[in-house]
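**Student:** this one's sequence-less:
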Ligand code: SF4
């Protein structure tokens with residue numbers, strides 16, 4: 001009977017080098033580095049759409065009223081800079097980011 005070995009760190013965070021030295025708070029630190037949470041005050045969105053231009057993989061607009069639709073409230077790290085740009089460009093300043101980087 002064979003033994004199946006699974007690197008559980010790879011299951012949680014694909015792309016992480018399994019040979020990277022681990023310590024007690026390794027996973028905690030990696031999760032914090034990756035975390036971004038987006039919230040939008042929908043009552044103040046004016047439908048300008050600049051967020052969609054800056055980060056089209058994360059924001060879309062409602063066909064009816066043009067208001068923002070957040071496609072991914074916790075986007076992956078490769079979208080973080082685009083999301084920060086969207087928050088900077090938003091004329092209504094309604095995109096709020098929680099980050100632990
Ligand atoms: S840029 Fe701001 S105001 Fe314009 S659609 Fe996006 S969230 Fe709404």
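**Tutor:** Nice, I can see it. All values reported here derive from a predicted model rather than from experimental measurement. Numbers count the residues shown, from 1 in each chain.

**Student:** my guess is residue 50 contacts residue 92, does it?
**Tutor:** No - between residue 50 and residue 92 there is no contact, the gap being 9.6 Å when judged by C-beta atoms under 8 Å. The C-beta positions use only the backbone N, C-alpha and C, and glycine is treated the same way.

**Student:** what pLDDT does the nearest residue to residue 59 once chain neighbours are set aside get?
**Tutor:** Nearest non-adjacent residue to residue 59, counting by C-beta to C-beta, 6 or more residues apart in numbering: residue 51, 4.2 Å away. pLDDT, residue 51: 98.

**Student:** ramachandran coordinates for residue 51?
**Tutor:** Phi and psi for residue 51, reported as degrees, to the nearest 10, are phi -60, psi -40.

**Student:** also residue 88?
**Tutor:** phi -70, psi -40.

**Student:** now do the contacts for it.
**Tutor:** By C-beta atoms under 8 Å, 6 or more residues apart in numbering, the contact set of residue 88 is empty.

**Student:** list the residues that contact the residue lying closest to residue 55 once chain neighbours are set aside.
**Tutor:** In this structure, residue 55 finds its nearest non-sequential neighbour in residue 82, 3.9 Å apart by C-beta to C-beta, 6+ apart. By C-beta under 8 Å, 6+ apart, the contact set of residue 82 is 54-55, 57-58.

**Student:** highest neighbour count among these?
**Tutor:** residue 55 (26 neighbours; other C-beta atoms under 10 Å).

**Student:** does it touch residue 83 like I think?
**Tutor:** Yes - between residue 55 and residue 83 there is a contact under C-beta under 8 Å: 5.0 Å.

**Student:** now do stretch 63-79, average pLDDT.
**Tutor:** Computed over stretch 63-79, the average pLDDT equals 96.

**Student:** identify the residues contacting it?
**Tutor:** By C-beta under 8 Å, 6+ apart, stretch 63-79 touches 33-40, 42, 45, 47, 49, 51-52, 55, 57-62, 83, 94-95.
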